[in-house]
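J.: Give the three-dimensional model of this entry:
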Amino acid sequence: HRDLHSFPTRRSSDLQAFKVSAPTLRINVPSNLAFIFLENRDHSVGTVRAMVDLVRLLGLESRYFGAALAFYSPDRLRQAIRDSGPYRSEFVVLDKNTLWEILAKTSPVRRFTQEILNQVDLMAVSPFELAGPVSDKMFYGRIEEEKTLTRSIMDNNFAVVANRKIGKTSLLERVTRILEQDPDFRVFSFDLQRAEPNYSGFFRLLFTSEAFSRHASRITDPTPMNFYELAAAVRDEDPRRRLVLIFDEVDDLLIFDQENKTQLFKTARALSQKSVCRFIFVGSKILARSLTDPDSPFFNFCTALRLGCLDRTHARRLITEPFQEMGIAIENESQVVDRLLEVSAAHPNILQYACHQLLRKVNQKNIRVVSLQDLEETVKSDEFDQYFGSVVWGQADAYERLVIYVMIASGRTSFRLEDMGAELDKRGISTRRLKSAVDVLNLYSLLNRVDSEMSLTFSYLADASRRRGNLEDVIAELAEDVRGIRTE
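T.: Predicted coordinates for the structure are as follows:
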């Protein structure tokens with residue numbers, strides 16, 4: 001409802017473009033879009049190129065999206081956009097009647113979304129996010145974990161441990177934003193994947209923060225012990241606020257630190273003990289093992305927070321709400337959703353991947369309906385099988401995979417540690433590492449453990465193995481790898 005002249009604008013001959021904030025949409029459109037007015041009647045591919053140039057002048061080069069209001073010949077402009085090649089999914093054309101219809105609706109955002117979906121390739125605006133931290137609009141669940149971290153960090157340190165692509169970084173980004181808005185906290189977040197896994201890389205990353213770089217001049221060749229001095233100096237800039245340092249993907253640096261007498265993380269522990277700051281560490285297998293190792297500085301240092309799959313209520317919403325917003329019906333919805341939850345075990349990334357592939361089928365059929373047949377074809381495809389394996393196995397090694405496949409071959413639906421040991425013994429496979437392997441498999445959500453009883457989280461692994469008919473071959477290959485590693 002703001003006057004358009006208050007927005008950044010660019011003009012070229014009979015085109016005028018405004019940069020406006022997009023309404024909150026779950027579909028994948030940028031947060032800023034171009035609103036373009038066209039006064040000419042004769043539209044061509046050249047018109048589209050002029051629109052592109054104008055949009056770029058507004059600073060929307062990375063990925064732009066435009067709503068073009070064509071006073072004359074809107075159908076001709078739509079055809080020119082379709083003929084333009086790479087720009088066919090970058091512009092939606094509104095005529096005057098459609099614009100007034102959108103503005104008159106009680107839910108104009110929904111009507112605008114419908115117009116976008118009617119004109120562009122569905123895959124270009126797919127709401128499902130497969131890589132990197134997900135946006136808030138596709139973040140489901142994790143409410144309890146979020147509350148635990150934000151409400152208890154004043155007096156506690158946390159280690160968030162989980163398998164890859166299950167939402168660690170997404171949760172971390174939300175927690176960071178919440179704490180940054182709280183005047184009681186001063187928060188700095190660092191992604192250790194961006195640094196070499198050594199002390200030099202750690203300090204280079206630390207000094208990318210202006211607050212830490214202000215104190216860098218006092219240290220010529222930083223050592224792990226200098227971390228204490230730097231953190232204390234940053235704390236002293238604003239001592240009334242609790243300093244919180246968040247480190248994502250700590251496993252590789254942990255390995256390096258273990259090879260160097262754990263100097264860095266001993267320093268981190270000392271910083272916490274002296275109440276200089278609090279920490280949130282995020283990692284996987286190495287971090288999890290350090291929490292239970294009496295010789296590690298992490299022992300009795302952090303509260304462990306394990307992330308597993310989503311609860312079923314939020315997983316159902318992740319499936320149904322994006323399709324509903326896109327105007328796509330789910331035929332036999334309860335059956336399709338239940339089957340998706342069975343296959344994915346409510347793993348958020350696998351759910352998003354499966355839904356993304358279902359959207360691809362809808363796009364190919366050009367019928368806005370998802371069917372149970374679509375789902376079965378998707379989950380039985382080689383592409384889905386490969387993606388599923390790349391996600392759920394994470395960094396599980398040959399022995400840990402072997403344990404899972406041996407239990408699948410046993411036909412058991414639940415088992416205890418001694419049952420697993422007996423099955424491995426039958427095959428002449430050592431059980432020396434079994435307990436630590438089970439701990440990792442539980443961390444990776446490949447096993448569900450209730451007291452001493454365990455079961456497979458993903459029935460899909462068993463179904464896919466039987467469908468391929470090569471389960472014993474996989475076991476033999478993994479057993480050979482394990483024995484080869486042990487011999488070496």
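J.: For Met123, give me its contacts.
T.: Leu359, Arg360, Asn363 (C-beta atoms under 8 Å, 6 or more residues apart in numbering). Quick note: C-beta positions are derived from backbone N, CA and C, even for glycine.
J.: same thing but 10 Å
T.: Contact analysis of Met123 by C-beta atoms under 10 Å, 6 or more residues apart in numbering lists Asn28, Ser89, His356, Leu359, Arg360, Val362, Asn363, Gln364.
J.: could I get those residues as TSV with secondary structure, distance to Arg483 and pLDDT?
T.: Output for the contacts of Met123, formatted as TSV (DSSP: H, G, I helix; E, B strand; the rest coil; distance: C-beta to C-beta, whole Å; pLDDT from 0 to 100):
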residue	secondary structure	distance to Arg483	pLDDT
Asn28	coil	48	82
Ser89	coil	53	77
His356	helix	40	96
Leu359	helix	45	96
Arg360	helix	42	95
Val362	helix	48	94
Asn363	helix	48	92
Gln364	helix	46	91
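J.: any idea which of those residues is closest to Leu424?
T.: His356 (37.6 Å; C-beta to C-beta).
J.: The closest one reaches Glu129, doesn't it?
T.: Yes. Assessed by C-beta atoms under 10 Å, His356 is found in contact with Glu129 at 8.6 Å.
J.: pLDDT at the spatially closest residue to Ile328 that is not a sequence neighbour, what is it?
T.: Leaving aside its chain neighbours, Ile328 sits nearest to Arg368 (4.8 Å; criterion: C-beta to C-beta, 6 or more residues apart in numbering). We have a pLDDT of 93 for Arg368.
J.: Return the distance of Arg368 relative to Gln357.
T.: Per C-beta to C-beta, to the nearest Å, Arg368 is found 16 Å from Gln357.
J.: Give me the contacts around the helix or strand hosting Glu423.
T.: Element membership of Glu423 [criterion: DSSP states H and E] is helix 417-426. The contact list for helix 417-426 (C-beta under 10 Å, 6+ apart) reads 399, 402-404, 406-407, 409-410, 412, 415-416, 429-431, 433-435, 437-438, 447, 449, 452-454, 479.
J.: Buried members of these into PyMOL, please.
T.: In PyMOL, this line selects whichever of the contacts of helix 417-426 come out buried by 16 or more other C-beta atoms under 10 Å:
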select buried, resi 399+402+403+404+406+407+409+415+429+431+433+434+437+438+447+454+479
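J.: Tell me which of Arg368 and Gln357 has more neighbours.
T.: A count of neighbours by other C-beta atoms under 10 Å puts Gln357 above the other of Arg368 and Gln357, at 19 against 14.
J.: Is the more buried one in contact with Leu340, as I believe?
T.: No. Using C-beta under 10 Å, Gln357 is not in contact with Leu340, being 11.0 Å away.
J.: Which neighbours do those two have in common?
T.: Leu375, Thr378, Val379.
J.: which among the residues you listed end up buried?
T.: Leu375, Thr378, Val379.
J.: what residues are up against Leu287?
T.: Taking C-beta under 10 Å, 6+ apart, we find Leu287 in contact with 159-162, 247, 249-251, 254, 281, 296, 298, 302, 304, 443.
J.: try 6 Å
T.: Contacts for Leu287 (C-beta atoms under 6 Å, 6 or more residues apart in numbering) come out as Ala159, Val161, Val250, Asp251.
J.: And the last one, its phi and psi?
T.: Right, Asp251. Note on Asp251: backbone dihedrals following degrees, to the nearest 10 are phi -60, psi -50.
J.: quick one: contacts for it?
T.: Contacts of Asp251 by C-beta under 6 Å, 6+ apart are Gly283, Ser284, Ile286, Leu287.
J.: Now tabulate those in a markdown table and tack on distance to Ile153, secondary structure and pLDDT.
T.: What follows is the contacts of Asp251, written out as a markdown table (distance: C-beta to C-beta, whole Å; DSSP: H, G, I helix; E, B strand; the rest coil; pLDDT from 0 to 100):
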| residue | distance to Ile153 | secondary structure | pLDDT |
| --- | --- | --- | --- |
| Gly283 | 17 | strand | 95 |
| Ser284 | 21 | coil | 93 |
| Ile286 | 23 | helix | 94 |
| Leu287 | 17 | helix | 95 |
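J.: quick one: Val160 is in a strand?
T.: Yes. The assignment for Val160 by DSSP: H, G, I helix; E, B strand; the rest coil puts it in a strand.
J.: Neighbours of it, how many?
T.: Val160: 28 surrounding residues under other C-beta under 10 Å.
J.: Run a quick check on Leu171 versus Arg142, I expect a contact.
T.: Yes. If you go by C-beta atoms under 6 Å, Leu171 and Arg142 touch, sitting 5.2 Å apart.
J.: Looking at those two, which one has more neighbours?
T.: Leu171 (24 against 21).
J.: And whatever helix or strand the more buried one lives in, what does it pack against?
T.: Per DSSP H and E: Leu171 is located in helix 168-180. On a contact count with 3 or more C-beta pairs under 6 Å, 6 or more residues apart in numbering; DSSP states H and E, helix 168-180 meets helix 143-152, strand 185-191.
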